[in-house]
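[1] pasted the sequence and its predicted model underneath.
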Amino acid sequence: MATGLRPAQRVERQRISQQQQGVIHVGNSLTRSLNNGQNSLRSKDTTKPLPSPPPRRSVTPNSRSYSRDFDDDNDPGRVRVAVRIRPRNAEDLSEADFADCVELHPELKRLKLRKNNWNSESYKFDEVFTETASQKRVYEVVAKPVVESVLSGYNGTVMAYGQTGTGKTFTLGRLGKDDASERGIMVRAVEDILANISFASDTVEASYLQLYMESIQDLLAPEKMNIPINEDPRTGEVSLPGAVTVKVRDLDHFLELLQIGEANRHAANTKLNTESSRSHAILMVYIRRSVPEIVEDDITSQDMKIKSNFPLVRKSKLLIVDLAGSERLDKSGSEGILLEEAKFINLSLTSLGKCINALAENSPHIPTRDSKLTRLLRDSFGGTARTSLIITIGPSSRHQAETTSTIMFGQRAMKIVNMVKLKEEFDYESLCRKLETQVDHLTAEIDREQKLRKKEKYDLEKQLQECHDSFNETRKNLVTKSEFLEKENTRLELDLKEILAELNCQKDQNSLLQDKIADLEMSVKQNKQNQLENSTYQKVLADTTQMYEEKIAELIKQLEVERARSGSVQEQLDAMKKLSDDHQKVIQALADTAQMYEKKLMELSKKLEDEHTRFEGAQEQLDSANMLLTDHQNSMKGQEENSELRLKLEEMYRLHESTANELQSLKVELKDQIQEKEAICEKLNDIQEKLSAEEKRRKTVEHELVNLKKSTLECDKDFEDKKLHMKENIRGNSVFGTSASFNKSGTLRASQSAQRATIAKIFGLQKIIQLLTSEDSDVQIHAVKVIANLAAEDVNQETIVEEGGLDALLTMLRSSQNATILRVASGAIANLAMNEMNQGLIVSKGGAQLLAKTASETDDPQTLRMVAGALANLCGNEKLHAMLKEDEGIKALLGMVRSGNSDVIAQVARGLANFAKCESRAVVQASAGHRKGCSLLMEDRALEWLIANCNIASDSTRRHVELALCHLAQNGKQNSRIENSIHGNISTWVLIKFNLSTLAEDNANDFISSGGLRELQRISMESSREDIRDLAKKMLKSNTVFQSEMRSGWH
């Protein structure tokens, strides 16, 4: 045992000595390297060989073609420039006079700027983003390459430039607390950095500053103002020693830092932006990463061997700059402190533009010291950093000058080429800490090994003594046990002999028993055979007896018949004797036949006597009867009976043939029936397979229906959330809020369209429409929800109507009592009513009547909103006005205001505005000489409701009410158009003019008496929409009755 443990101890001692030698070697290497006079912190700059860029000409405003391609697209040092266009906001949509001045070609990475209707200029960028581009795609194209370079040890800069209100802060600094897809470049860049580093060896630190009125302020520590800028005279690196640097723990910690910084950043409300940034925000992210060690086999220099033992560290910096937007004072309306802020903003941006121009034109002097902004960005443009610039513009031609300036800024920045450098340093501090830790670890390991060796020696000695003691005890036990086993073996041998004798006796007894069993089995088989023979004989005997009894019964019947005939035979016996001579030959033949019959009868009588002795007397009588019958046949009717027998035989033959034919036909029919049975069986098998397949398909449909229910519920929930979100965005005028809602709505519409296409592809519109007639209310609800969602797409509406979906929806409105079904069915009809072809079908099928009935029978605001929306869409078709009037659609529309719900009232106002607008443009019947009639809305007292709700709180509802009033006032003006279109004789013209003047005067008087003229005057001056104010002024000027009433009111 002891000799077996010595090799293990020798190996352990060798391992400990090798570790000690390794520690000594590392310490000696460190000493030699320090004695060689190397610097304590040595930096190594690896400069990528970049060719000096050729001189380029600056782009002048008179240039007509900006479509040239850059030859250095693959140059990592060139400044990458991308352009992003902001979606149209409410202000752009309201400005009908200003069309879009920008046309994007993202597939060609080009942008076309329109100067006027016949002149445009084309520009090429590294990337062109449309208004629907997601935040994720913008980050991956613009910032992610820079972030990857920063992680590799290079400095990087991401900057946003553009007019105020075009989405710079949204692109860079959006936090995305509620929706992660809206996160900006700052959050996504730090998230990528944290995901690609090791917290054990790497560190990430961040500073957040703002340049406000040429003063650098710390957003994380607002008390630190006017922080100075230091420049290293040797390397030219810019640093801010007074700024707070925070070590980033995780993404949530970084989001908290951004929230603190955004709260301290200066912002104000201007005419161009409700949250205009009044300072330049600069996020600085410092990254320190350890370089993995690389083993070099071909190194021969002793100095290089020593260097390879030291770890390297890479230090890089990422700048994310959110520039304040350039603005014009006449458009932004800045004054006071805002005016001063705007001056400093424009001054710093002007200095940046000068530096960009100088760098683009390879000027020998770069004016970087004109502004603190250019000093901070010295390394980003013309330095050693990798830079990406995103410029943001708006679509409206109202800001064409600012858009042009932004585009030209980006074009000049694309000419700048930086000298990208990699910064690596020896990490002596980490190496010292590592060596100290290793020495401590080895010392503790040596102590632990010594203690472990002593303990193992003591344990082994103790185990050896225990083994000796157990061996002696075991040997004694084995001797005792062997003696006991020998005695037991002797006893077992005697028992075995006795058992063998008993087994021999049992074998003899078993052989005797087997012989007896064999005899018994033979006897049993014999008995069974005898019983079978007896039963067979008894069965044959019973059958024979029954047969004889039947024959005897027949003979008895014949005997009785012959006895009846014997009386007449005796009387004619004399006559028969006379004729006997003539029939001797026949009698002789008959006698032979009779003898043969007699023999057969004698044999039969013998058998009957053997079996039944009680029939002996009957047999004698039968013999006598046979003799008499034979005489009778011989004497009288031998020939006649033969002929009768021949006829009977022929008849029996025919019957046999017919029976054979019938039997053959039955066989054929049986064969046909067997074939039919086989065919039916095959059909049954096919039907069973189809039923099983249909059952599987039904289960699949049920499973898909369950998923469909879930997705429908999620879509409904998303729709309600989207509706609330859109209301909030409509109430606010924030440009960034509009951009966020636009991106979110576009994403939601895309996802909903994909879901609708998937549902229609899986189930098919026809099957979904068939589910509308299901008896299960839940199935009906989910099916009608799917139809309503599909009806929102124009491509599905025609198919829904052709497959009977419109009829099914109208049937549900007519017969269903479920509130949910009524609401969703009304919404589906409202979607279909957006198509002019469907509008006529809906009204012709009684849809307006059903909608009016639904509106009168329910008080649910959501159902009323859907019904009002459907009727409002139908009001937009002037051909259906008369039918809507007859079906009480206008009355039902006005009656729904009883609910008091703002959404319902908004739909009612929209419907009245559509009705009045179409009514004002109605075609005049020139042949009749008058209009189709006075205003239908005035007949239903809609004018009073419109006047009463002119000052309603909702902007959209108030706008529809104002439009309706203007178009109602326009109805009197149509009469002048009719006068100009009439030609012919003078009497007809005079009569028509009299009718028109009477009708115009009546409409105008009704409008004036109800207070509509006052509201029309107010609208012309106070309406928030310029187009509505112009329309109201036009109505007041063009109506003579209104002019006279206003003049009399003034006097």
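    Sure thing, it's come through. Residues are numbered from 1 along each chain as shown.
[2] quick one: the helices in the stretch 451-600 of the chain?
    573-579, 584-611 (DSSP state H, counting those that start in this stretch).
[3] now do the longest one, average pLDDT.
    Computed over helix 584-611, the mean pLDDT rounds to 62.
[4] and the residue lying closest to residue 347 once chain neighbours are set aside, how many neighbours?
    Nearest residue to residue 347, sequence neighbours excluded (C-beta to C-beta, 6 or more residues apart in numbering): residue 371, at 6.8 Å. Backbone N, C-alpha and C define where each C-beta goes, glycine included. Residue 371: 22 surrounding residues under other C-beta atoms under 10 Å.
[5] cool, residue 675 as well?
    Neighbours of residue 675 (other C-beta under 10 Å): 10.
[6] part of a helix, is residue 669?
    Yes: according to DSSP: H, G, I helix; E, B strand; the rest coil, residue 669 belongs to a helix.
[7] what about it, distance to residue 679?
    Separation of residue 669 from residue 679 (C-beta to C-beta, to the nearest Å): 15 Å.
[8] any idea how far residue 380 is from residue 386?
    For residue 386, the distance to residue 380 - C-beta to C-beta - is 9 Å.
[9] anything in contact with each of these two?
    By the contact definition C-beta atoms under 8 Å, 6 or more residues apart in numbering, residue 386 and residue 380 are jointly contacted by 157, 418.
[10] those two: which is more packed in?
    residue 386 (27 against 24).
[11] next, that one: phi, psi?
    Main-chain torsions, residue 386, degrees, to the nearest 10: phi -90, psi 120.
[12] now swap in residue 227 and tell me
    According to degrees, to the nearest 10, residue 227 has phi -70, psi 130.
[13] report pLDDT for it.
    94.
[14] need the contact list for it.
    209, 216-218, 240, 242-243.
[15] any chance of those residues in TSV, plus pLDDT?
    Listed next are the contacts of residue 227 as TSV, based on pLDDT from 0 to 100:
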residue	pLDDT
209	96
216	95
217	94
218	94
240	93
242	91
243	94
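[16] and which of those is nearest residue 935?
    Nearest to residue 935 among those is residue 217, at 64.3 Å by C-beta to C-beta.
[17] for burial, what's the neighbour tally of that closest one?
    21.
[18] helices or strands next to whichever strand or helix holds residue 784 in the packing?
    Using DSSP states H and E, the element containing residue 784 is helix 777-791. Contact analysis of helix 777-791 by 3 or more C-beta pairs under 8 Å, 6 or more residues apart in numbering; DSSP states H and E lists helix 638-731, helix 735-763, helix 765-770, helix 794-802, helix 805-815, helix 819-832 as its packing neighbours.
[19] and those helices, which one's lowest on average pLDDT?
    Taking the mean pLDDT of the helices and strands packed on helix 777-791, helix 735-763 comes last: a mean of 48.
[20] re the thing from before, residues touching the residue nearest to residue 347, list them.
    With C-beta under 8 Å, 6+ apart, residue 371 has these contacts: 214, 347-348, 351-352.
[21] tell me how far it lies from residue 147.
    27 Å.
[22] shaky segments in the stretch 1-150 of the chain?
    1-74, 95-99 (pLDDT under 70).
[23] how many neighbours does residue 447 have?
    Neighbour tally, residue 447, other C-beta under 10 Å: 10.
[24] next one: the one 5 residues further on
    Using other C-beta under 10 Å, residue 452 is surrounded by 11 other residues.
[25] against residue 441, how distant is it?
    16 Å.
[26] now residue 209
    On the measure of C-beta to C-beta, residue 209 and residue 441 end up 43 Å apart.
[27] which one of the two has more residues nearby?
    residue 209 (24 against 12).
[28] and the residue nearest to the more buried one when sequence neighbours are not counted, its phi and psi?
    Leaving aside its chain neighbours, residue 209 sits nearest to residue 282 (4.8 Å; criterion: C-beta to C-beta, 6+ apart). Phi and psi for residue 282, reported as degrees, to the nearest 10, are phi -130, psi 120.
[29] quick one: mean pLDDT for stretch 525-538?
    For stretch 525-538, mean pLDDT rounds to 75.
[30] tell me how far it is from the chain's mean position?
    83 Å (C-alpha atoms, centre = their mean, to the nearest Å).
[31] same question, stretch 947-959
    On C-alpha atoms, centre = their mean, the centre of stretch 947-959 falls 40 Å from the chain's centre.
[32] what's the answer for stretch 173-187, then?
    Offset of stretch 173-187 from its chain centre (C-alpha atoms, centre = their mean): 23 Å.
[33] can you give me the buried ones in that stretch?
    173-174, 182-187 (16 or more other C-beta atoms under 10 Å).
[34] just the closest of the residues you listed to residue 130, please.
    residue 182 (16.9 Å).
[35] contacts for stretch 768-775?
    759-760, 779-780, 782-784, 786-787, 790, 800, 803-805, 808-809, 811-812.
[36] please redo it, this time with the cut-off set to 7 Å
    779-780, 783-784, 786-787, 803-805, 808, 812 (C-beta atoms under 7 Å, 6 or more residues apart in numbering).
[37] likewise stretch 1021-1036?
    Contacts for stretch 1021-1036 (C-beta under 7 Å, 6+ apart): 96, 955, 959, 962-963, 966, 969-970, 973, 1016-1017, 1019-1020, 1042.
[38] closest to residue 656 out of these?
    Among the contacts of stretch 1021-1036, and counting by C-beta to C-beta, the member closest to residue 656 is residue 963, at 104.7 Å.
[39] in contact with the closest one, which residues?
    Taking C-beta under 7 Å, 6+ apart, one finds 913, 917, 1028 in contact with residue 963.
[40] 10 Å instead, please
    By C-beta atoms under 10 Å, 6 or more residues apart in numbering, residue 963 lies in contact with 909-910, 912-914, 916-917, 946, 1019, 1023, 1025, 1027-1028, 1031-1032.
[41] where do the strands sit along the stretch 851-1000 of the chain?
    In order along the chain, the stretch 851-1000 of the chain carries no strands (DSSP state E, counting those that start in this stretch).
[42] in the stretch 101-250 of the chain, what residue spans correspond to helices?
    Under DSSP H, counting those that start in this stretch, the stretch 101-250 of the chain gives helices at 135-138, 144-151, 168-173, 185-195.
[43] out of these, which comes closest to residue 234?
    Of all the helices of the stretch 101-250 of the chain, helix 144-151 comes closest under C-beta to C-beta, at 23.3 Å.
[44] which strands and helices sit next to that closest one?
    strand 156-162, helix 185-195, strand 280-291, strand 312-322, strand 386-393 (3 or more C-beta pairs under 10 Å, 6 or more residues apart in numbering; DSSP states H and E).
[45] okay, stretch 802-819 in CSV with CA atoms only?
    Provided in CSV are the C-alpha atoms of stretch 802-819 (Å, rounded to 0.1, in the frame of the first residue of the first chain):
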residue,chain,number,x,y,z
GLU,A,802,-70.1,38.1,-54.3
GLU,A,803,-70.0,35.2,-51.8
GLY,A,804,-73.1,36.5,-50.1
GLY,A,805,-71.4,38.2,-47.1
LEU,A,806,-73.6,41.4,-47.4
ASP,A,807,-76.8,39.3,-47.4
ALA,A,808,-75.6,37.4,-44.4
LEU,A,809,-74.7,40.6,-42.5
LEU,A,810,-78.2,42.2,-43.3
THR,A,811,-79.8,38.9,-42.1
MET,A,812,-78.0,39.1,-38.8
LEU,A,813,-79.1,42.7,-38.4
ARG,A,814,-82.7,41.6,-39.1
SER,A,815,-82.9,38.6,-36.8
SER,A,816,-80.1,38.7,-34.2
GLN,A,817,-80.7,40.1,-30.7
ASN,A,818,-77.1,39.8,-29.6
ALA,A,819,-75.6,43.3,-28.9
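[46] tell me which residues in it are buried?
    803-806, 808-810, 812-813, 816.
[47] looking at the residues you listed, which is nearest residue 903?
    residue 813 (20.2 Å).
[48] wait, the closest one touches residue 826, no?
    Yes: Residue 813 lies in contact with residue 826 (C-beta atoms under 10 Å); the separation is 7.1 Å.
[49] find residues that contact each of those two.
    With C-beta under 10 Å, 6+ apart as the test, residue 813 and residue 826 both reach 850-851, 854, 867.
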